[in-house]
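Undergrad: give me the fold of what follows.
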Amino acid sequence: MRLEKGLVLALFFSFILASLFFVHGVGNPSATLMDDYFLGNGQSETGSNNIVASVVFDYRGLDTLGEASVLFAAATGVFLILGGGARKNE
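TA: Residues are numbered from 1 along each chain as shown. Predicted structure coming up:
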């Protein structure tokens, strides 16, 4: 059993180490046409001076709503599992 755990741990760390070679460079992203569109039209289409907020809340609003719903459901589930619900007096 100890050998199996060691093998799983070695495979996990070898996967992490190998994945480091395929990660994109940090701090030097390549520009795309979508970037130019957001920068050129973001303020006029959304009315926001903050381009990041306009992308997150206006262009990708439904995606952000979905992520918030999943986080709310997960937090509610953890709260209920850990006994945060009302208890009956016994």
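Undergrad: C-alpha only now, for contacts and for neighbours.
TA: Noted.
Undergrad: the helix or strand hosting residue 62: how far from the chain's middle?
TA: Assigned by DSSP states H and E, residue 62 belongs to helix 61-81. Averaging C-alpha positions (CA atoms, centre = their mean, to the nearest Å) puts helix 61-81 12 Å from its chain's average.
Undergrad: for it, which helices and strands make contact with it?
TA: Contacting helix 61-81 under the criterion 3 or more CA pairs under 8 Å, 6 or more residues apart in numbering; DSSP states H and E is no other helix or strand.
Undergrad: what about the strands in this protein?
TA: For the chain, applying DSSP state E gives no strands.
Undergrad: if I look at the residue nearest in space to the middle of it, how far off is residue 76?
TA: The residue lying closest to the centre of the chain (CA atoms, centre = their mean) is residue 67, at 8.0 Å. Separation of residue 67 from residue 76 (CA to CA, to the nearest Å): 14 Å.
Undergrad: low-confidence ranges, the protein, go.
TA: Applying pLDDT under 70 to the chain flags residues 84-90.
Undergrad: one more pass at 80, please.
TA: For the chain, the stretches with pLDDT under 80 are 1, 24-30, 83-90.
Undergrad: once you drop chain neighbours, what's closest to residue 39?
TA: residue 51 (7.0 Å; CA to CA, 6 or more residues apart in numbering).
Undergrad: ranges for the helices of the protein?
TA: 2-19, 33-46, 51-54, 61-81 (DSSP state H).
Undergrad: pick the most buried one from these.
TA: helix 51-54 (a mean of 16; mean count of other CA atoms under 10 Å).
Undergrad: off-centre distance for that helix?
TA: When distances are taken as CA atoms, centre = their mean, helix 51-54 is centred 17 Å away from the chain's centroid.
Undergrad: quick one: contacts of it?
TA: 38, 39, 42, 43, 46, 48 (CA atoms under 8 Å, 6 or more residues apart in numbering).
Undergrad: 6 Å instead?
TA: For helix 51-54, the surrounding residues in contact (CA atoms under 6 Å, 6 or more residues apart in numbering) are residue 48.
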